[in-house]
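# 3D model of this:
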Amino acid sequence: MTFAAGRRRTAGRFANVDGIPFRMPVGTPGSPALLAAYPIDPRGAREVVPEELRPHRIRGAGVLVIAVVDYQDTPIGSYVELCAGILCARSDRPAPPLLAGKVFGTGVYICDMPVSTEISVKGGLGIWGMPKRRASLDFVVDESTVSSQYDLDGRMVMRVDVPRPARAWLPLRLTGTGYASFRGMLVKSSVTLRGRMGVTRGGGPDSRLLIGDHERAAWLKRLDVGDRPFLTAFIPAVRGVLDDHVESWFLTSAAPLPPPGDGLESVVGLGLGQDRLPPPDRAGSDRLLEPREHVTQMP
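Residues are numbered from 1 along each chain as shown. Predicted coordinates for the structure are as follows:
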């Protein structure tokens with residue numbers, strides 16, 4: 001069944017998974033979002049991405065994708081979600097750059113996906129297998145910049161700033177694919193995205209990425225992230241709808257594997273709370289960004 005057919009079949013129906021009530025389809029009618037795509041060392045990308053996936057290359061470099069959505073109206077309330085991952089394909093053949101489709105299974109392997117509420121962790125990890133964890137997140141929009149910071153345990157993991165274009169003119173019509181690892185399985189889910197976005201090629205002078213010293217940022221430091229992004233974008237009101245099912249496959253290796261990092265025990269005890277943690281330490285990251293370098297990594 002196609003994505004569109006699944007939406008038509010379930011539209012207006014109700015579901016309840018692990019105590020979370022849904023009215024189908026699951027989505028948001030319009031929330032602000034930012035996007036940044038950075039060049040990375042392809043060897044580092046290969047080390048991070050499971051063997052079942054092939055990292056993409058653009059002009060010889062891998063691609064780090066960072067997307068943040070300030071969800072303002074969803075079945076589980078409002079929350080901020082940051083997605084950080086690597087552009088890849090589930091294919092034995094290299095896909096042409098930026099080709100997204102069923103032939104190559106192009107999508108993003110999501111390495112980290114912090115969210116600001118407990119219920120979003122329970123649903124996103126327990127149902128879709130996305131690597132969600134509750135963290136301190138914000139989403140700040142001013143006249144010239146759109147920014148998000150991600151703190152965990154009182155320490156910064158990352159902050160991303162992108163320019164705010166004067167006008168969001170480019171139509172966004174995309175079916176995106178997300179891959180993740182959960183319970184020793186490779187999990188795939190899909191989302192349709194609609195809206196208009198303002199795009200800045202090369203990011204411009206207001207584009208900055210600050211990588212912190214928290215252990216959750218260790219994988220980012222292995223990627224040798226480029227100083228300037230391929231592009232950044234701001235979508236003032238993105239409309240997103242999740243597919244009504246997920247797919248999964250065994251993660252395999254030539255040698256025996258250790259137990260997976262996240263298993264069912266990581267979601268069993270979660271509740272339905274919508275409270276947020278205290279906001280991240282913006283004053284601290286502002287001080288670190290005073291030199292205004294495009295990519296800054298803390299030791």
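
# Which parts of the chain are helices?
Remark: helices assigned in the chain by DSSP state H are 3-10, 42-48, 118-126, 218-221, 265-268, 282-288.

# Pull the distance from the longest one to the chain's centre.
Which is helix 118-126. Taking the mean of its C-alpha atoms, helix 118-126 sits 14 Å from the chain's own mean (C-alpha atoms, centre = their mean, to the nearest Å).

# And the second one, by the same measure?
Here helix 42-48 is found 18 Å from its chain centre; the criterion is C-alpha atoms, centre = their mean.

# Check which residues of it are buried.
Applying a neighbour-count criterion of 16 or more other C-beta atoms under 10 Å, one finds 42, 44-45, 48 buried in helix 42-48. No exception for glycine: its C-beta is placed from N, CA and C like everyone else's.

# possible to save those as CSV with distance to Gln149?
As requested, the buried residues of helix 42-48 are exported to CSV (distance: C-beta to C-beta, whole Å):
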residue, distance to Gln149
Pro42, 28
Gly44, 23
Ala45, 24
Val48, 22
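
# for the helices of the chain, which one sits closest to Pro55?
Ranking the helices of the chain by distance to Pro55, with C-beta to C-beta as the measure, places helix 42-48 first at 4.0 Å.

# The closest one - contacts with which helices or strands?
Here helix 42-48 touches strand 54-55, strand 62-71, strand 79-89, going by 3 or more C-beta pairs under 8 Å, 6 or more residues apart in numbering; DSSP states H and E.

# tell me the angle of the last one relative to strand 62-71?
Going back to what we said before, that points to strand 79-89. 150 degrees (axes from the mean of the first three to the mean of the last three C-alpha atoms, to 10 degrees).

# Give the rounded mean pLDDT of strand 79-89.
The predicted model gives strand 79-89 an average pLDDT of 97.

# and it with helix 118-126, angle?
Using the same axes, to 10 degrees: strand 79-89 against helix 118-126 is 20 degrees.

# Over to the second one?
Orientation check (the same axes, to 10 degrees): strand 62-71 against helix 118-126 gives 140 degrees.
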